[in-house]
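1. Here's a sequence, model it:
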Amino acid sequence: MNKNDWLCIWLLLKDTYYKDKKRVISMIVLAFIEVFHVYIGIFLLGNLVDLFSKGYSFERVVTIVAAAFLFEYLCTFIQKEAQKYYDTKLDYTKDIETKYMNEKAMEFDYEYLEEPEVADLRYRSFGKSYYGITGWCLMTTKSLIKGFFSIVITGIVVSPMIIQNVNEDSFISSRICAIILLGCVLLFTFLNYKAGIYYTRKAKEEINRVENLYNRKQYYLEKFSDIEFQKDIRISSLQDTVLYDVNRMFDGLKEVEYEHGACFIKREHVGGVLVGLNCALVYLYTGISAFMGSMTVGSALILASSILQFSTQMVHLGAAFGNIKSAAMFAKDYLDFMGLKDKNSSCEIRDVNSIKKIEFDHVSFKYPDEQEYVLMDVCLTIDTDETIAIVGQNGSGKTTLIKLLCGLYQDYEGQIKVDGVDLKKLNKEEYWKRLSIVFQDYNILDFSIRENFNEGESDKNIFTALKKSGLEIDSLDYKVGKNVYSDGINFSGGERQKMAIARSILKNACAVIMDEPTAALDPIAENEIYRGFSNLINGRGGIYISHRLSSCQFCQKIIVFNGGKVVQQGNHEQLVKMEGDYQKLWNAQCQCYQ
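-> Here you go, the predicted structure:
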């Protein structure tokens, strides 16, 4: 452990305390009560033995026992109340962390999602503990606090007893013997502590050595519940290949789990021997002292039990130190992920009331950690009162252009202006309200149809938009898919795409943008969408990407991309007569229908 490790644990506990004070307080209370409670029992038992041996009256003994009982009952009540809150929260700590991380993923800059480092950071942030990173840190910190309290209480209980019973007339009762005993107890406890750290670290190394297997296990857990994945491997006859890889993965996991378990068994064996030596020494010392009359039987019982309780807590403390190093690493990943800042948070922010013109001024862009540019020196002007088609071969940069236009990426060369203002200086939320977009990988949630639309929209408007997009239904309460609702309906890809189009055209935006908006539609539905496109977008400007050039004929402007560059601009009549990419694409598609 170093200073940075402790700092990570402290910051995570501080963050947890800020979000839920009772949780941290209950952990500290539990740590103290669990140790203190044990010592109450030890002290009570030892003193009762002495009371009976000294011939105290039954009434006095009953009074002391009743007082001790009430005190112990109070401790038990406090412990149960703290335990109830602590355990309840611990059971779903990982769910709470996932909630916070999902909220963070919805808030930070979109371009973070494309960065491999951030994806790895997010995966590591989930940790490997059933109780999550916070739960792991709380449990480990609790063990540390219990060890600290045990040291303090043992010192308070044991030191006076040893000092009071020092008798230089006999070696067993001498100060030298007491020092030797304590030295041996501390030595065996220290060795047990070091063994705990060593074998815990070895066990962690075994797990970390095959982290790729655990990643692959998570991959298959997700894939085997994916209907599309199951369909593909059956049709492609890949079952044997997949099962072979799964079996090989589990063989590797079985081997490492065996080694992992072996480390803990060795730790228990070494710990058992050292604890046994401690027990033998302590019992021998206290037994002889009691026999020789150097201390009472009750005092001997208290001394022996206190030292052994201290020894046990030190073993747990060693394991805790072994665990907290790993917990600190995961805590750092979690804190780093939750601490990601907006890349342009220092920029001046301006509100957006309307969008009339978008200009790309020598814009070049490449994705994070990529060497090649996807867009190169793009210069074009988009008037939002026009219908514009963007065409080109796969990988020519069309979808990337739309992502930049939407402000999803900020790390580009050149400048994008919206009505003369730098896009980076605009309020993103306000800007997105002025755009209505259907992406190629649109998302229809597995909720009711109504819940897939803006909460403030009336049922009448939703029905109208759905009808315009070609989907006629008699209820908005139908559930989309069966993943969330067992009574859901598995709507087809085309029906889902119509819902996405309806959601887009219903939004009161300055421009409608559609990236391959009819990819899942049949030819008749596609033809209806394109023929009624102007009516569909309610007379607003429209920008859409399509591979089917027949749909471009009604557009006022067509922008042709090739290799990340704008190579042609014009309308259909102009471009089809002009030698270039558009004419080649048009002729190639025409031949397919002859």
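
2. confidence score at residue 531?
-> Per-residue pLDDT puts residue 531 at 61.

3. Quick check: what element follows the helix or strand of the chain with the lowest mean pLDDT along the chain?
-> The weakest-scoring helix or strand in the chain, judged by mean pLDDT, DSSP states H and E, is helix 533-536 (a mean of 62). Helices and strands here follow DSSP states H and E; after helix 533-536, the next one along the chain is strand 541-545.

4. Restrict the helix or strand immediately after that next one in the chain to CA atoms and write it as CSV.
-> Using DSSP H and E, the helix or strand that directly follows strand 541-545 along the chain is strand 557-562. The C-alpha coordinates for strand 557-562 follow below in CSV (Å, rounded to 0.1, in the frame of the first residue of the first chain):
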residue,chain,number,x,y,z
LYS,A,557,-29.3,19.4,-53.5
ILE,A,558,-27.2,16.2,-53.7
ILE,A,559,-23.8,16.0,-52.0
VAL,A,560,-21.5,13.2,-53.2
PHE,A,561,-18.8,11.8,-50.9
ASN,A,562,-15.8,9.7,-51.8
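
5. now what about the helix or strand just after strand 557-562, what contacts it?
-> Toward the C-terminal end, the helix or strand that comes next after strand 557-562 (DSSP H and E) is strand 565-570. Residues from elsewhere that reach strand 565-570, judged by CB atoms under 8 Å, 6 or more residues apart in numbering: 375-380, 397, 557-561, 575, 578, 580-582. Backbone N, C-alpha and C define where each C-beta goes, glycine included.

6. ChimeraX command for the buried members of the residues you listed?
-> Buried residues within these, by 16 or more other CB atoms under 10 Å, are selected in ChimeraX with:
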select :375,376,378,380,397,557,558,559,560,561,575,581,582
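
7. out of the contacts of strand 565-570, which are inside helices?
-> 575, 581-582 (DSSP state H).

8. Please produce JSON lines containing those, extended by pLDDT and distance to residue 492.
-> Putting those into JSON lines (pLDDT from 0 to 100; distance: CB to CB, whole Å) gives the following:
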{"residue": "575", "pLDDT": "90", "distance to residue 492": "34"}
{"residue": "581", "pLDDT": "88", "distance to residue 492": "34"}
{"residue": "582", "pLDDT": "89", "distance to residue 492": "33"}
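
9. what's the closest of the residues you listed to residue 140?
-> residue 581 (62.0 Å; CB to CB).

10. got the contact list for that closest one?
-> Residues near residue 581 by CB under 8 Å, 6+ apart: 392, 560, 562, 567-568.

11. how much space between it and residue 550?
-> Going from residue 581 to residue 550 by CB to CB, to the nearest Å gives 16 Å.

12. Equivalent analysis for residue 386, please.
-> Taken as CB to CB, the span from residue 386 to residue 550 is 19 Å.

13. related to what we said a few turns ago, write the ChimeraX selection for whichever of the contacts of residue 581 are buried.
-> Paste this into ChimeraX to select the buried members of those, with burial taken from 16+ other CB under 10 Å:
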select :392,560,562,568
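
14. Quick one: the contacts of residue 581 as TSV, columns for distance to residue 455 and pLDDT too.
-> Below are the contacts of residue 581 laid out as TSV (distance: CB to CB, whole Å; pLDDT from 0 to 100):
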residue	distance to residue 455	pLDDT
392	38	88
560	40	92
562	43	91
567	44	93
568	43	91
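
15. Report the two of the contacts of residue 581 separated the most.
-> Checking the contacts of residue 581 with CB to CB, the most distant pair is 392 and 568, at 9.5 Å.

16. what sits in contact with each of the two?
-> Shared contacts of residue 392 and residue 568 (CB under 8 Å, 6+ apart): 560, 581.

17. wait, isn't residue 238 in contact with residue 232?
-> Yes - between residue 238 and residue 232 there is a contact at 7.5 Å, judged by CB atoms under 8 Å.

18. how about the strands of the stretch 401-550 of the chain, start to end?
-> All strands of the stretch 401-550 of the chain, identified by DSSP state E, counting those that start in this stretch, fall at 413-418, 421-422, 435-438, 511-515, 541-545.

19. now those as CSV including mean neighbour count and distance to residue 490?
-> As requested, those are exported to CSV (neighbours: other CB atoms under 10 Å; distance: least, CB to CB, whole Å):
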stretch, mean neighbour count, distance to residue 490
strand 413-418, 17, 40
strand 421-422, 14, 45
strand 435-438, 22, 21
strand 511-515, 24, 24
strand 541-545, 24, 28
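
20. so which of the ones you listed gets nearest residue 370?
-> Among the strands of the stretch 401-550 of the chain, strand 413-418 comes nearest to residue 370, with 13.8 Å by CB to CB.

21. what's the distance between the closest one and the middle of its chain?
-> Here the centre of strand 413-418 is set off from its chain's centre by 34 Å, with CA atoms, centre = their mean, to the nearest Å.

22. what's in contact with that strand?
-> Outside strand 413-418, the residues that touch it by CB under 8 Å, 6+ apart are 352, 355, 357-365, 377-378, 404-405, 422-424, 426, 431.

23. cool, stretch 111-131 as well?
-> 90, 93-94, 97-98, 101, 105, 132-133, 135-136, 138-139, 207, 214-215, 330, 333-334, 336-338, 340, 343, 367-369, 408-411.

24. Please check those residues and keep the buried ones.
-> The neighbour-count criterion (16+ other CB under 10 Å) marks 90, 93-94, 97, 101, 132-133, 135-136, 138-139, 207, 214, 330, 333-334, 336-338, 340, 367, 408-410 among those as buried.

25. For the stretch 251-400 of the chain, just list every one of the strands.
-> With DSSP E, counting those that start in this stretch as the criterion, the stretch 251-400 of the chain has strands at 357-365, 375-383, 387-392.

26. out of these, deepest packed?
-> Mean neighbour count (mean count of other CB atoms under 10 Å) peaks for strand 387-392 among those, with a mean of 24.

27. From the contact counts, what lies against that one?
-> helix 398-405, strand 541-545, strand 557-562, helix 581-592 (3 or more CB pairs under 8 Å, 6 or more residues apart in numbering; DSSP states H and E).

28. From what I see, residue 303 and residue 295 are in contact.
-> Yes - the criterion here is CB under 8 Å, and residue 303 meets it with residue 295 at 7.2 Å.

29. if we can go back for a sec, so which of the strands of the stretch 401-550 of the chain gets nearest residue 283?
-> Comparison of the strands of the stretch 401-550 of the chain against residue 283 by CB to CB identifies strand 435-438 as nearest, at 77.0 Å.

30. rewinding a little: between the contacts of residue 581, which sits nearest residue 43?
-> For these, the minimum distance to residue 43 (CB to CB) is 83.2 Å, reached by residue 392.

31. is the closest one in a bridge, and if so with what?
-> Beta bridges link residue 392 to residue 561, judged by DSSP bridges.

32. With adjacent residues omitted, what lies nearest to residue 24?
-> Nearest in space to residue 24, with sequence neighbours left out and distances taken as CB to CB, 6 or more residues apart in numbering, is residue 17 at 4.4 Å.

33. centre of the chain versus the helix or strand where the one you found lies, how much separation?
-> Residue 17 belongs to helix 3-19 when assigned by DSSP H and E. Counting by CA atoms, centre = their mean, helix 3-19 is centred 17 Å from the centre of its parent chain.

34. picking that back up, give me the subset of the buried ones among the contacts of stretch 111-131 lying in helices.
-> Filtering the buried ones among the contacts of stretch 111-131 for membership in helices, criterion DSSP H, returns 90, 93-94, 97, 101, 132-133, 135-136, 138-139, 207, 214, 330, 333-334, 336-338.

35. Now do the helices in the stretch 1-150 of the chain.
-> Ranges of helices within the stretch 1-150 of the chain are 3-19, 21-53, 58-91, 93-107, 116-125, 132-164, based on DSSP state H, counting those that start in this stretch.

36. So which residues make contact with the fourth one?
-> The set of residues external to helix 93-107 that reach it, using CB under 8 Å, 6+ apart, is 89, 113, 122, 125-127, 129-135, 138, 334, 337-338, 340.
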